[in-house]
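**Student:** no sequence for this one, just the structure:
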Ligand SMILES: *Cc1c(COP(=O)(O)O)cnc(C)c1O
C-alpha cells in the first residue's frame, strides 16, 4: 500500500475510545494520561509509516503500544530500590534508610495534625526546634542546637549568620567540592562573606590564619575533608588551635564536619572520625553535619554550638527558607532518640547496623544467599562467594575498605551487562556492582527478605536469553 493510503487507515482517538480494552484503561487510569498515550501511539505509528517501517495499520497494535506507553507514564518515578552494592550511604539511592520507628513517626505526622509548632502545656504557639534541640544538646554537649534542610543549608546559614559582609578565613586545603554542586567557595559567595584563602593545598599553619586576621574578619571556617584525604607532606591546623586563635581575637569558629558522627566508630574497627561532641568540647562556636550520612537519619543539616550563636541563626531570615518540614523532624527526633540506647541504635538504625555487621555474619549470609541463588538459577548462572570490600559511601570514611563477603554471579546465556540491566529494570529495581565480568551482590546493604527478592528476580532474569 502506498504511504498516503496507509496514513488514511490510521485510527482516530475517538474510534479507539469506543473499544472495550481502551475503556478498561480509562476505568483505572487518569483519562488525560490515557488520551496522551493513545495520541503518542498514533503519532509513533504515523512516523513509522512515513519512514517506511510500518506496512500495515492495526488498531490492536496501536492500542497495545498505547498501553505500553501508559504503563510507563503511570509508574511512580520515586520508588524503592534494593541496594546490593555494599555502599551503605549511597547518595544516588537516597543515602540512609530510616529506622522502622523513624519511618512510623513520619507516617503518623504525615497523615494528620501534629505538635509541630504547638506547645501542649500552654496551649500556645511553640517552636519547631524543640523536637530535636534537647536531644542534640544531650548527644553533643552543646549549649544549643537546631536542624535545617541539609548540611549545605546549615553551612550557608552559618556563614551568612556570622560573616555576611565580613571576611571568612579558610584553608586552601579545605576548599572542597562535595557531590558535584556543593563547593565551599560558591557557598561562601552566596552567603555574602568574603572568602580569604590561606595556606596551600597540602599545608596550612596557624601563622597563616594569624597573618590573615584583620578588623574585618568575621569567621574562621574549618571544613572536614570528609570525601578525600590529602596524604604525605601535609599539615592542617587542629580545631583546638583555631578555637584558641579565635578566642584571642574575638572571632567565632565554625567547623563543617559533614558526616554527622555521634558515637566513636573506632570501637567497631572503622576509622575514628571526629564526633560532633568532640568539636563542641574543643570549643567551636558552631558545628554542622548532615542528618543522612553516618548519623543514619533523614536528609537534614544539624547545627550545634554556643547558645548566642545558635539563637542568632534561628532568627536569621534564611532560617525560614531552609527550615525542616514535619516529616523530616519526626524522623530526625526518633533517630536521635535511638542514640540514647546504644543497643537499639546498633540494631535499629540501618546505617549503623550495616556498618557494624561482623565479618563472620556477612560470610555466612553470603554463603546461604549464594546457595539459594544457585538452586533458583540452576545452570543459568555460575555462583560463588568471594571476599571483597564494602564502602561507607556518602563521602564518608573514603579510605575505609570495610571487609565483606560478596556473592558473585556470572550469567551463562547473556552478558553480565544484560543481567545488570534486567535487574535494574525489574520490580523492585535491584542495583549491584559489576567487577571483572561478574555481578557482585553484597549482603551488607541487604536485609534477608531482600535476598529472597533478588533470588526470585535472578531466576526470572536468567531464564530466557
Ligand atoms: C556532605 C557534606 C556537605 C553537604 O551536606 P548535605 O547534607 O549533602 O547538604 C557539606 N560539607 C561536608 C564536609 C560534607 O561532607
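**Tutor:** Great, that's in hand. Nothing here was measured: the structure is a model prediction, and the numbers come from that model. Numbers count the residues shown, from 1 in each chain.
**Student:** what sits against the closest residue to residue 214 other than its chain neighbours?
**Tutor:** Distances taken as C-beta to C-beta, 6 or more residues apart in numbering place residue 167 nearest to residue 214, at 6.5 Å, with adjacent residues excluded. From N, CA and C alone the C-beta is placed, and that goes for glycine too. For residue 167, the contact set (C-beta atoms under 8 Å, 6 or more residues apart in numbering) comprises 193-196, 212, 214, 216-219.
**Student:** mind redoing it with 6 Å?
**Tutor:** 194, 196, 216-217 (C-beta atoms under 6 Å, 6 or more residues apart in numbering).
**Student:** repeat for residue 172
**Tutor:** 197, 199-201.
**Student:** Mind giving me the ChimeraX command for buried ones among the contacts of residue 167?
**Tutor:** Selection command for ChimeraX covering only the buried members of the contacts of residue 167, criterion 16 or more other C-beta atoms under 10 Å:
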select :194,196,217
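**Student:** Looking at the contacts of residue 167, which is nearest the ligand?
**Tutor:** Minimum distance to the ligand across the contacts of residue 167 is 19.2 Å, recorded for residue 196 (C-beta to the nearest ligand atom).
**Student:** Backbone dihedrals for the closest one, please?
**Tutor:** phi -120, psi 110 (degrees, to the nearest 10).
**Student:** who does it bridge with?
**Tutor:** residue 169 (DSSP bridges).
**Student:** which residues does it contact?
**Tutor:** So residue 196 contacts 167, 169, 212 (C-beta under 6 Å, 6+ apart).
**Student:** switch the cut-off to 10 Å
**Tutor:** 166-170, 188, 209, 212-214, 216-217, 219-221 (C-beta atoms under 10 Å, 6 or more residues apart in numbering).
**Student:** Ok, residue 437 next?
**Tutor:** 408, 410, 415-417.
**Student:** at 6 Å instead, please
**Tutor:** Counted by C-beta under 6 Å, 6+ apart, residue 437 has contacts residue 416.
**Student:** One more: residue 387?
**Tutor:** Residue 387 neighbours (C-beta under 6 Å, 6+ apart): residue 405.
**Student:** Give me the contact status of the longest strand seen in the chain with the ligand.
**Tutor:** Longest strand in the chain by number of residues, with DSSP state E as the criterion: strand 381-393. No - shown here: strand 381-393 not in contact with the ligand (C-beta under 6 Å from any ligand atom), separated by at least 11.0 Å.
**Student:** Which helix or strand lies directly C-terminal to that strand?
**Tutor:** strand 402-411 (DSSP states H and E).
**Student:** Against which helices or strands is that next one packed?
**Tutor:** Judged by 3 or more C-beta pairs under 6 Å, 6 or more residues apart in numbering; DSSP states H and E, strand 402-411 is in contact with helix 359-377, strand 381-393, strand 438-441.
**Student:** Of the ones you listed, flag the one that's most buried.
**Tutor:** strand 438-441 (a mean of 24; mean count of other C-beta atoms under 10 Å).
**Student:** roughly how far is the helix or strand just after it from the heart of the chain?
**Tutor:** Scanning forward in sequence from strand 438-441 by DSSP H and E, the next helix or strand is helix 448-463. Chain-centre distance of helix 448-463: 25 Å, with C-alpha atoms, centre = their mean, to the nearest Å.
**Student:** buried sites along helix 448-463?
**Tutor:** Those would be 450-451, 453-455, 457-459, 461-462, for helix 448-463 by 16+ other C-beta under 10 Å.
**Student:** how many neighbours does residue 5 have?
**Tutor:** 9 (other C-beta atoms under 10 Å).
**Student:** Ok, residue 37 next?
**Tutor:** 24.
**Student:** So it: helix, strand or coil?
**Tutor:** helix (DSSP: H, G, I helix; E, B strand; the rest coil).
**Student:** so it sits right up against residue 69, yeah?
**Tutor:** Yes - taking contacts as C-beta atoms under 6 Å, residue 37 lies within contact range of residue 69: 4.3 Å.
**Student:** Ramachandran coordinates for residue 83?
**Tutor:** phi -100, psi 100.
**Student:** Who is it paired with across the strands?
**Tutor:** residue 431.
**Student:** I'd like to know how far it sits from the ligand.
**Tutor:** 18 Å (C-beta to the nearest ligand atom, to the nearest Å).
**Student:** so who does that residue touch?
**Tutor:** 90, 93, 431, 445.
**Student:** does the closest residue to the ligand within the chain have beta-bridge partners, and which?
**Tutor:** The nearest approach of the chain to the ligand comes at residue 258, 2.4 Å away (C-beta to the nearest ligand atom). Beta-bridge partners recorded for residue 258 (DSSP bridges): residue 289.
**Student:** Give me the subset of the contacts of residue 167 lying in strands.
**Tutor:** Those of the contacts of residue 167 lying in strands (DSSP E): 194, 196, 217.
**Student:** Save these as a markdown table, and put in pLDDT and distance to residue 385 too.
**Tutor:** Listed next are these as a markdown table, based on pLDDT from 0 to 100; distance: C-beta to C-beta, whole Å:
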| residue | pLDDT | distance to residue 385 |
| --- | --- | --- |
| 194 | 96 | 56 |
| 196 | 95 | 53 |
| 217 | 98 | 57 |
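**Student:** quick one on the thing from earlier: chain center to the longest strand of the chain: distance?
**Tutor:** On C-alpha atoms, centre = their mean, the centre of strand 381-393 falls 22 Å from that of its chain.
**Student:** Stretch 276-293 now?
**Tutor:** The answer for stretch 276-293 is 20 Å, by C-alpha atoms, centre = their mean.
**Student:** Would it count as contacting the ligand?
**Tutor:** Yes - interface with the ligand: stretch 276-293 contributes residue 290 (C-beta under 6 Å from any ligand atom).
**Student:** how far does that stretch stretch from start to finish?
**Tutor:** Stretch 276-293 has an end-to-end distance of 13 Å (criterion: C-alpha to C-alpha, to the nearest Å).
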